[in-house]
Structure formats: structure tokens, C-alpha cells
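In: give me coordinates for this.
(chains A and B)
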Amino acid sequence: MAAKYSLDRVGARPPLSHYLKEVWRRRDFIFSLAKFRIQSENERNRLGMLWVLLRPIFSALIYGLVFGLVLGSMRPEGFVPYVIIGVFLLEFFNSSMNGGAKSIISNSALVQSLPFPRLVLPVSTVLQNLLNFVPTLALMIILTMLWGARPEFSWFLLIPLVLIFWVFNQGVALIFARLTVHLRDLSQLVPYISRMIFYTSGVFFDPATVLDKYPAIAAVYDWHPLYEVLAIARGILLPEYEIPVDFWWKHAIWAVVILCIGIVFFWKAEERYGRDD
Amino acid sequence: MAETIEHRTYDGNRPEDGQPVVIVDDLYVDFKTLATGKRLTPGSAKGLLQRGRELRTVHALKGVSFTAYANESIGIIGTNGSGKSTLMRTITGLTPPTKGAVYAKSRPNLLGVGAALMSDLSGSRNIILGGLAMGMTREEIESKYDEIVEFTGLGDFIDMPMRTYSSGMSARLKFGIATAKEHEILIVDEALSVGDRDFQKRSEARIRGIREKAGTVFLVSHSMRSIRDTCNRTIWIEKGELLADGDTDAVVKEYEQHK
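Out: Residues are numbered from 1 along each chain as shown, chains lettered A, B, ... in the order given. From the prediction side, this is the model:
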């Protein structure tokens, strides 16, 4: 009878192409949700938007001091801007991964009361982090200039770098958005995972020099997606470093693959979100 | 999500009277919850130390079936915990059924938008956000904006953060936003009991207006007066089972005698 009157099953997961079209139709919602969340967060703190800049400054200070002392002569060249670039760029990754992991489970009331493609939530979370990242990026450029970097035309390469990085972060956020729905306890582990990635991605040390004697490991390490981003950014901004050209396509492959996996993986469980068991 | 479905109906292909728009087919909904707490049973010495943490299954709906036709207004009655709200949430697709299925002409909408709003933002921003969350376009929201503000009667408060509102004020705002969208199949869950008497009258009028525009309305209420006023058919649910389904007067009479 349902078929005769062309009724469809309610809550059925639509095919991927329809699903993505519907997400695109909600782009205004995605953007407003991101913008309003930033405004709402700024309302809550007296310093408002300034915290977006203060957070990475504080972590750069602490990590820079501690590891600057520990590493001693092992410090990579131009240590201060080196650490600043690492910490500031990873702030975008960390906030996207943590935000993505919480995007469904901390919005369960919304998911349970209104029908819309759930992909909207992690996408808007990462967009929110991107919008927060823009002033961070500007501050990062200013700080590297204070330590001797001079503007060059090639600095515009930061724009495609951030765009590819965004795609990568979105993919990671989508994967974690679904994982935490199945394994709620995982959200407790996410900070440790992101810290592990943080320490291995070469924020304070240069994997290229550390692994100089082990070319096999170094070749594998070149596929570390975040090390790639940091190395490219340092190559662009710091006169002491060259842009590793192969890292561009390596990171682009990462970004596209992770995003595709993320979208399909997230969409597969569309009917599962908002359920309590 | 419901794009293809919505488009089909928004093209002006309005279902005619007597055509089924929602089919609920042998619906079962179970909830599994982790029941926690100390289980103190007399005679058990280790009672205090034993923490019971077992999976309990609650059967919220046990095989409910009915068909709703275009332009009907259907009242849903039953005592607290009888499964009314679960049924409505399953019809909207927000709670997936354990067994059985719901088929619908277009995605039924639950009148509720509160979860999408942010308390730190002003009422006017929340109108935009709530409208977008319900799937309205920016143009639609802008064209309805003044009407919503006037309906809520918030006046200058509309530019203040929502956390400064009284509970009545925020309820009015939520109701105003939720009713701004045109729904084809609408579910109202005891929304009539919002606000003071003046506002109740206005909201009842608004519901009637929506009902005229919408094809089919489900009204969940404990107030037999509003069920009688608005519904021509009533379904009575008790303990997850459908007890009666038919003409409002007959079913309500039976329900009141049962009490």
C-alpha cells in the first residue's frame, strides 16, 4: 500500500548523491551555525575573540621553553618561528579533531528534535574552526616576521596549503564524529590521540635531521600528514627551509582519501545518530 | 534528507482527501537502558556492595498500526508513559523503530525547534538560526521575520540574549519560530499549553491556521478540550498498544470512562 501511494519510509538513509545535495542545500545553515557559535562563545568570555589568539600563544610559549631547554643543541634552526608555526597550525587540526569527535554526541538534543542531514554538524564545526584559524594564521605570519622572515610572493602558497589542510581536517573530523557515537568512551581518548599526533608531527624537532641515519624510517615518516603540512609551511615562511615539493601531492592525496572515507563512513551510519543505545 | 520527497509535494501535487499520507505498519520500539544503582534485596548480605548494572529493555511500542489520510487531524491520547511521544518521534523518523516501519508522503515535522537555539544569542539571531535549522531558506525567514517577532510579542527584548528571557518568553519565541514554517504533515506535542491565557488563545488560532494550510495534523495532548476542538479522529494508546481508534467523541468518551 505504501508503494501504491508512493509513500517513502520515514528516516531512511538516502543515496549518497541525494544526501550530499541535501547537505549543499543546507549550506546557509552550516555557515550560520558556525558563525553564531563563534559569536556565542565570544559572548561568554570577557576577552572574547582574543582567546582564539591567546591559546596558541600560551602553548607555543610553554612548549617552546620546555623543549627549547630539553633539546639543547638538537634544536632545529630558527627555533622560535619553527615552534610557532608548528603549534599554530596544529591548533587547527586539534580543534577540528576534538570538535568533530563531539559534534554528534554533544548535540544529541538537536539531532533528536529536527530532521536534517547530520553531516551538517561536523562540517559546521570544522568551518567554525577554520574561521577561528584565520586570525591565528595572521598572527602566526606577524610573529614569524618579528623573527626575521621577510614577505615574499611565495607566501601566497599558504592559501592552497590551508585549503588542503582544511579538507584533511574535515575528513578526520567526520571519521571521529561517527566513531564516538559507537564508542562513547573514545571521546575521553581523543585528547591523548591528538597529543600523540602533536608530539610526532615535528612541532619541536626536525624529523629530517633526527632520522638522518635511518633513511627507511624517514621515507615512511614523509607520509606523516601533519609533518607534511608543517614542513611545507616552514618552507614557505622561513628562509632557512626549503619547500619539500613532494609533500604537496603527498598531503593532497591524504586529504582527498581521508575526506572520501570520512564522508562515506559518516553517511553509512546516518540512521544511527540520535539513537540512545 | 527529505529533499526528493519534499519536492514532489511542494510542486503543488497536493494529496487529495482520503488518500493515505502516513502509514504506520506494525511498529515496535524498544529502548535498551543500562539500569544502575545499588540493588538492595532483603536477605542478601552483600547487597550494599553489589552494584547492579544490567541491560534492561523497555518496550515503548508493541505493534501499533494505523493509516492517516490527507486533511485529517488526529488526536493522540493516553496516560503518561503510554508511548504517545515515542510514537510521534518514530513517525518523524527521529527514533528508529525496532520492528515495523513508518511510510509517509513527506517527512512529518515535529513542532519543536528549541534544541537548535543558542541562549547567548539574541532573539533575532535565533529566529534566523531556528528557521535555517528547520530547513527554511534565508529569503523565507526574512519574509516571515516581522510576523514572527510580532507574534512572540517580545518587542525590544528581541535584541537581547535569550538567556535573559523568562521561561514564558523563550517558550513564545520557540513556538513562534516553529510555527513559521509551512508543514504538510505536522505533529504538535502538547504545544498548546505554552504561555499565559492570552498567548494560548493566539497559539491555538495559529495552530488552526497551520492546520488549514497543512494536510494532516497529529495533536498529542492531555487536554480533552483541545482534542475535541481540533481533532476529527482520535487514537488512544495505552502501554504501547493501540486501544482505540476512531471518531473523537466516541474515543474520548471511552477514555474518560476508563479513567
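
In: low pLDDT regions in the chain?
Out: Defaulting to chain A. Residue ranges of chain A with pLDDT under 70: A:1-6, A:275-277.

In: hmm, I had chain B in mind actually
Out: B:1-18, B:34-54, B:190-195, B:211, B:214, B:259.

In: what segments of it are helices?
Out: Here chain B has its helices, by DSSP state H, at B:3-10, B:84-91, B:123-133, B:138-152, B:167-178, B:197-213, B:224-230, B:248-258.

In: repeat for chain A
Out: Using DSSP H, helices in chain A cover A:16-25, A:27-44, A:50-71, A:79-102, A:108-113, A:120-146, A:158-182, A:186-200, A:207-210, A:215-221, A:225-237, A:245-268.

In: separation between A:M74 and A:R27?
Out: According to Cβ to Cβ, to the nearest Å, A:M74 and A:R27 sit 47 Å apart. C-beta here means a position set from N, CA and C on the backbone, and glycine is covered the same way.

In: what do you get for A:F92?
Out: A:F92 is 21 Å from A:R27, by Cβ to Cβ.

In: pick out whichever of the two has more residues nearby.
Out: The residue with more neighbours, out of A:F92 and A:R27, is A:F92; 23 against 14, by other Cβ atoms under 10 Å in any protein chain shown.

In: got a list of what the more buried one touches?
Out: Residues counted as contacts of A:F92 (Cβ atoms under 8 Å, 6 or more residues apart in numbering or on different chains) are A:129-130, A:133, A:136, A:165-166, A:169.

In: ok and the residue in chain A nearest chain B?
Out: Residue of chain A nearest chain B, by Cβ to the nearest Cβ: A:G11 (2.8 Å).

In: what is the burial count for that residue?
Out: When neighbours are counted by other Cβ under 10 Å, A:G11 registers 23.

In: so what's the residue of the stretch 51-200 of chain B found nearest chain A closest to, chain neighbours aside?
Out: Across the stretch 51-200 of chain B, the shortest distance to chain A (Cβ to the nearest Cβ) belongs to B:G93, at 2.8 Å. Spatial nearest neighbour of B:G93, chain neighbours left out: A:G11 (2.8 Å); criterion: Cβ to Cβ, 6 or more residues apart in numbering or on different chains.

In: what's the one you found sitting at in phi/psi?
Out: phi 80, psi 10 (degrees, to the nearest 10).

In: got the contact list for it?
Out: A:115, A:271, B:92-94, B:96, B:102.

In: which members of the residues you listed are positioned in strands?
Out: If you go by DSSP state E, the contacts of A:G11 have B:V102 in strands.

In: out of the contacts of A:G11, which is most surrounded?
Out: B:V102 leads the contacts of A:G11 on contacts (other Cβ under 10 Å) with 25 neighbours.

In: what is that residue paired to in the beta sheet?
Out: B:V24 (DSSP bridges).

In: would you mind measuring from it to B:F218?
Out: From B:V102 to B:F218 the distance is 12 Å (Cβ to Cβ).

In: intersection of neighbour lists for those two?
Out: Common neighbours of B:V102 and B:F218 (Cβ under 8 Å, 6+ apart) are B:I91.

In: so who does the nearest residue to A:S95 once chain neighbours are set aside touch?
Out: Excluding the flanking residues, the one nearest A:S95 by Cβ to Cβ, 6+ apart is A:N129, at 4.4 Å. In this structure, A:N129 makes contact with A:92, A:95-96, A:99, A:169, judged by Cβ under 8 Å, 6+ apart.
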